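Peer 1: Quick one, fold the following:
(4 chains)
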2 protein chains.
Amino acid sequence: MTKKRTTAEAPARKRRRADAERSVAAVLDAALDALASDPDSSMSEIARRAGVVRATIYVHFPTREALLDAVMERSVADVAEAMRGAEPQRGEPVEALERVLRATWRELARFHALLAINTARLSAEELRRRHVPMLDQLQPLVKRGQKQGAFRNDLPVAWHLAVIRAIVHTASHESQGGRIPESEAEAAMLSTALSAISPPQPRNS
Amino acid sequence: MTKKRTTAEAPARKRRRADAERSVAAVLDAALDALASDPDSSMSEIARRAGVVRATIYVHFPTREALLDAVMERSVADVAEAMRGAEPQRGEPVEALERVLRATWRELARFHALLAINTARLSAEELRRRHVPMLDQLQPLVKRGQKQGAFRNDLPVAWHLAVIRAIVHTASHESQGGRIPESEAEAAMLSTALSAISPPQPRNS
DNA sequence: ATTAACTCAGACAATGATGTCCGATATAGA
DNA sequence: TCTATATCGGACATCATTGTCTGAGTTAAT
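Peer 2: Model prediction:
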């Protein structure tokens, strides 16, 4: 189902035959699908979906953990790349953020299920660590916005990043659950994220 | 470790001996603790922590699933009660929300780990369904705020609720991870939540 | 066309968890 | 004190899953 090959693969130790390459990709895709429908999918299930025998998976991934890690890594890399493609450094902070978030949100939908899996599987710190490639795309933008006064400065950047991440996930979640139409979700997510990190209105009763 | 008994227990079929009551409570507490440190804690582990033999758990909870459900239910009930205690219906919407969120946030910290577990364990709809007691406390307040113009009206209530939930969780998460001190987390969560659901500033370049 | 890399099919041991059952013992409650 | 109710301690069958291995067939690359 999922087809994506954009990611610049890290050149593994030995050259793999085109054959093997395909298997690995199939397994990763299958794992993503399988885990989406059941976070505790077994290796058998994943193999079945990949159209491959279980042992084959172990040829490429020494252990189940390793496979999960690989899935995670590839997904994060894909999203990070999409973000980079939206050029976070270009233009007004507010507009740049909007651009980047749009790109992120669409991409993220595919990987929605991973959140739950990895939240359960990894420690909070580990999870954080793996998200770095994505946060790295956003952090400079948010900082820049703070300097220019477009984003509020009385809260740490890390907090803003966490909030944005949460809002994007929420939008994806709500839309996935059919509680809000996809188009509306995108708009809601954008304007809410903006409001959340914009300087608060000084006016109060 | 955790001690709470406030919840008004539903009168179970048969009267339980004070003895059994204690066991059940110990098991629930132990489960909460155990699952916090490892979302896949076994029944043995939970029993060990509860100072009880594994078979005893099965006397009260027919299955592992049932136990997890019970833990979830009790936790949600506790939080909902804390929220109710903060009187969502009293005073200005903004101040009421602040009051309720403060109460929620503190209570929630204890149950922080449950989120991951249940996200992985339950379908999105199921998860939602179980959160109802908490959302029920917030919904009227948000609606009221919308009517009075204190909260933005161009987005559905459900979305606001989801966003608030996400922000509270984020604050708990960030603070738990030590990336932001607890006091600061509370303030950040409050002002961000407020910003997120307040009417956006019309002024734009 | 030859070879090295890869996949298949299936069997295998090891592990660890769940849920059940038992007889013996303790204890709360009347 | 008496009895129903619980817990204990441990054994038990069942089950699913992981990870390994092997030998025979395929396929990609040079």
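
Peer 1: in chain A, which helix or strand is least confident?
Peer 2: Least confident helix or strand of chain A, by mean pLDDT, DSSP states H and E, is helix A:112-121 with a mean of 85.

Peer 1: C-terminal to it, what's the next element?
Peer 2: Note on helix A:112-121: by DSSP states H and E, the next helix or strand toward the C-terminus is helix A:124-147.

Peer 1: Distance of A:E21 relative to A:M72?
Peer 2: Going from A:E21 to A:M72 by CB to CB, to the nearest Å gives 20 Å. Heads up, the C-betas are built off the backbone N, CA and C, glycines and all.

Peer 1: A:P133 too?
Peer 2: For A:P133, the distance to A:M72 (CB to CB) stands at 11 Å.

Peer 1: More neighbours: which of A:E21 and A:M72?
Peer 2: Using other CB atoms under 10 Å in any protein chain shown, the more surrounded residue of A:E21 and A:M72 is A:M72, with 22 against 15.

Peer 1: what's the more buried one in contact with, if anything?
Peer 2: A:M72 makes contact with A:L114, A:N118, A:R130 under the criterion CB atoms under 8 Å, 6 or more residues apart in numbering or on different chains.

Peer 1: ok, the first one - how many residues close by?
Peer 2: Going back to what we said before, that points to A:L114. By other CB under 10 Å, 20 other residues sit near A:L114.

Peer 1: wait, doesn't it sit right on A:D33?
Peer 2: No: judged on CB atoms under 8 Å, A:L114 makes no contact with A:D33 at a distance of 11.5 Å.

Peer 1: mind listing the helices for chain A?
Peer 2: A:18-37, A:43-50, A:54-60, A:64-85, A:93-110, A:112-121, A:124-147, A:157-176, A:182-197 (DSSP state H).

Peer 1: export those helices to a markdown table and tack on distance to DNA strand D?
Peer 2: What follows is the helices of chain A, written out as a markdown table (distance: least, CB to the nearest atom of the strand, whole Å):
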| stretch | distance to DNA strand D |
| --- | --- |
| helix A:18-37 | 3 |
| helix A:43-50 | 4 |
| helix A:54-60 | 4 |
| helix A:64-85 | 3 |
| helix A:93-110 | 22 |
| helix A:112-121 | 12 |
| helix A:124-147 | 17 |
| helix A:157-176 | 25 |
| helix A:182-197 | 33 |
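
Peer 1: and chain A, which of its residues are near chain B?
Peer 2: A:39-40, A:115-117, A:119-120, A:124-125, A:128, A:152, A:155-156, A:158-159, A:162-163, A:165-167, A:169-170, A:173-174, A:176-177, A:179-180, A:188, A:191-192, A:194-198, A:200-201, A:205 (CB under 8 Å from any CB of the partner chain).

Peer 1: and these, which are buried?
Peer 2: A:39, A:115-117, A:119-120, A:124, A:128, A:152, A:155, A:158-159, A:162-163, A:165-167, A:169-170, A:173-174, A:179-180, A:188, A:191-192, A:194-198 (16 or more other CB atoms under 10 Å in any protein chain shown).

Peer 1: And the pLDDT at A:E81?
Peer 2: pLDDT for A:E81: 96.

Peer 1: go on, A:W105?
Peer 2: According to the prediction, A:W105 has pLDDT 91.

Peer 1: With adjacent residues omitted, what lies nearest to it?
Peer 2: Counting by CB to CB, 6 or more residues apart in numbering or on different chains, A:V168 is the residue found nearest to A:W105 once chain neighbours are left out, at 5.6 Å.

Peer 1: can you tell me which residues contact the one you found?
Peer 2: Counting by CB under 8 Å, 6+ apart, A:V168 touches A:L101, A:T104, A:W105, A:L108, A:M189, A:A193.

Peer 1: ok, how many other residues are close to the last one?
Peer 2: Same thing as A:A193. 25.

Peer 1: so how far is B:E65 from it?
Peer 2: Relative to B:E65, and taking CB to CB, A:A193 is found at 37 Å.

Peer 1: again, but for the fourth one
Peer 2: Here A:L108 is placed at a distance of 30 Å from B:E65 (CB to CB).

Peer 1: again, but for the first one
Peer 2: A:L101 sits at a distance of 38 Å from B:E65 (criterion: CB to CB).

Peer 1: Same drill for the two, tell me which one is more crowded.
Peer 2: Higher neighbour count among A:L101 and B:E65: A:L101, with 23 against 10, using other CB under 10 Å.

Peer 1: Just list the residues touching the residue nearest to A:L155 when sequence neighbours are not counted, thanks.
Peer 2: Nearest residue to A:L155, sequence neighbours excluded (CB to CB, 6+ apart): B:A188, at 5.3 Å. Contacts for B:A188 were tallied using CB under 8 Å, 6+ apart; they are A:L155, A:P156, A:W159, B:A171, B:I180.

Peer 1: For these, which two are the farthest from each other?
Peer 2: Using CB to CB, the pair of the contacts of B:A188 lying farthest apart is A:P156 and B:A171, separated by 12.3 Å.

Peer 1: For chain A, which residues are neighbours of DNA strand C?
Peer 2: By CB under 7 Å from any atom of the strand, the residues of chain A that approach DNA strand C are A:14, A:16-17, A:19-20, A:22-23, A:51-56, A:59-60.
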